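> Any chance you can model this:
(one chain, ligands or ions: 1)
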Amino acid sequence: MGKPSKPKNPIVTHIFTADPSAHVFEGKLYIYPSHDLDHDGPSNDNGDQYAMEDYHVLSMDDVNEECVDHGEALHLRDIPWASKQLWAPDAAYRNNVYYLYFPARDKEGIFRIGVATSTTPEGPFTPEENYIPGSFSIDPAVFVDEDDKAYVYFGGLWGGQLEKWQEGTFNSNAEGPKLTEPALGPRVAELSDDMLTFKSEPREISIVDESGNPILAGDEERRYFEGPWIHKYNDLYYLSYSTGTTHKIVYAVSKDPLGPFEFKGTILTPVIGWTTHHSIVQFKEKWYLFYHDCSFSDGVDHKRSVKYTELTYNDDGTIVTINPYED
Ligand code: FUB
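Below is the predicted model:
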């Protein structure tokens, strides 16, 4: 297998975009990113600097073609339950409806996951009155399997509040596990047929090493931090995610969408900026990695830009590691 092709420049430069979820709808590439804004307040581990207020949907007829901004698809002011911080979204298509899933803080400052619907992939999207009952934390990623079952994966540490939900209810004082204990995993829930609620309580995904032992909380090169994504390749489920403090996109593989997932390696080495967030999509026989970095804002962490590059597999199904700044 050859090396992946060179990374592209930001797909748009008239706005800052981050957290891209890419999908093929109606034969085109649609990208559902966060819309990064200027921010005067503090930057901290709580993520207060990520104070996004709306979503724009982007599309490309083909790779290397112009990226179209379809304008505002959903605004904070129109979401009855949300108070601030529209973070990383995802989209899905089922029942002839397009669904936009998004995290935001509710009126009590607790991150929840909402859903909005549209008849077209570019929106505008109409939000449900309330967040998805039983939802919490951030970074929803929706996967519709070949048997038509739909799952939402989600969760993020620190500002994403996943540590606060270890007992099943929100505990503002809760901290993460000890470094020698199993790391927290992302959560997964099957979605109801109308895609608007969870069919069952979210469960934790286990990520293990090659011997079947859980990845530990102190193993920051491999442990789950935020930004889950699921794709299927050769009948295996690939769970990829950000390691947060070590700034990598890594992946683990399973025969079952509910896991356990066995850790495999690194997809993307650290980008310019603290956060790293991605999606993986197949388009016209090739696979692509969509991601963001802060090169266009000269390293301002909360002003990110979406890019993409080709992603390739080795014959054994492992993914060729991408260094986005190497030819
Ligand atoms: O964009 C805000 C947050 O930063 C996302 O939800 C995380 O995945 C990280 O990219």
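
> and the stretch 1-150 of the chain, which of its residues are near the ligand?
The stretch 1-150 of the chain comes close to the ligand at residues 18-19, 34, 50, 87-88, 138-139, as judged by CB under 6 Å from any ligand atom. Every residue, glycine included, has its C-beta placed from N, CA and C.

> The spatially closest residue to residue 268 that is not a sequence neighbour bridge partners, please.
The spatially closest residue to residue 268, leaving aside those adjacent along the chain, is residue 249, at 3.9 Å (CB to CB, 6 or more residues apart in numbering). In this entry, residue 249 is beta-bridged to residue 242, residue 268, by DSSP bridges.

> thinking residue 177 is in contact with residue 215, fair?
No. With contact defined as CB atoms under 8 Å, residue 177 does not count as touching residue 215 (11.3 Å).

> Which residue ranges of the stretch 151-300 of the chain form strands?
Applying DSSP state E, counting those that start in this stretch to the stretch 151-300 of the chain gives strands spanning 187-190, 203-204, 207-208, 226-233, 236-242, 249-254, 261-268, 278-283, 286-293.

> So which elements touch the first one?
Taking 3 or more CB pairs under 8 Å, 6 or more residues apart in numbering; DSSP states H and E as the contact definition, the neighbouring helices and strands of strand 187-190 are strand 150-154, strand 203-204.

> Highest average neighbour count across those strands: which stretch is it?
Comparing the helices and strands packed on strand 187-190 by mean neighbour count (mean count of other CB atoms under 10 Å), strand 150-154 comes out on top with a mean of 23.

> center of the chain, which residue is that?
Centroid-nearest residue in the chain, with CA atoms, centre = their mean: residue 227, separated by 3.9 Å.

> Can you list which of the residues of the stretch 1-150 of the chain next to the ligand are found in strands?
18-19, 34 (DSSP state E).

> JSON lines for those, including pLDDT?
Output for those, formatted as JSON lines (pLDDT from 0 to 100):
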{"residue": "18", "pLDDT": "98"}
{"residue": "19", "pLDDT": "98"}
{"residue": "34", "pLDDT": "98"}
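
> confidence score at the nearest residue to residue 73 once chain neighbours are set aside?
Spatial nearest neighbour of residue 73, excluding adjacent residues (CB to CB, 6+ apart): residue 123 at 3.3 Å. Per-residue confidence (pLDDT) for residue 123: 98.

> and if you look at residue 131?
Residue 131 carries a pLDDT score of 98 in this model.

> thinking again about what came up before, shared neighbours of residue 177 and residue 215, anything?
Residues touching both residue 177 and residue 215 (CB atoms under 8 Å, 6 or more residues apart in numbering) are residue 183.
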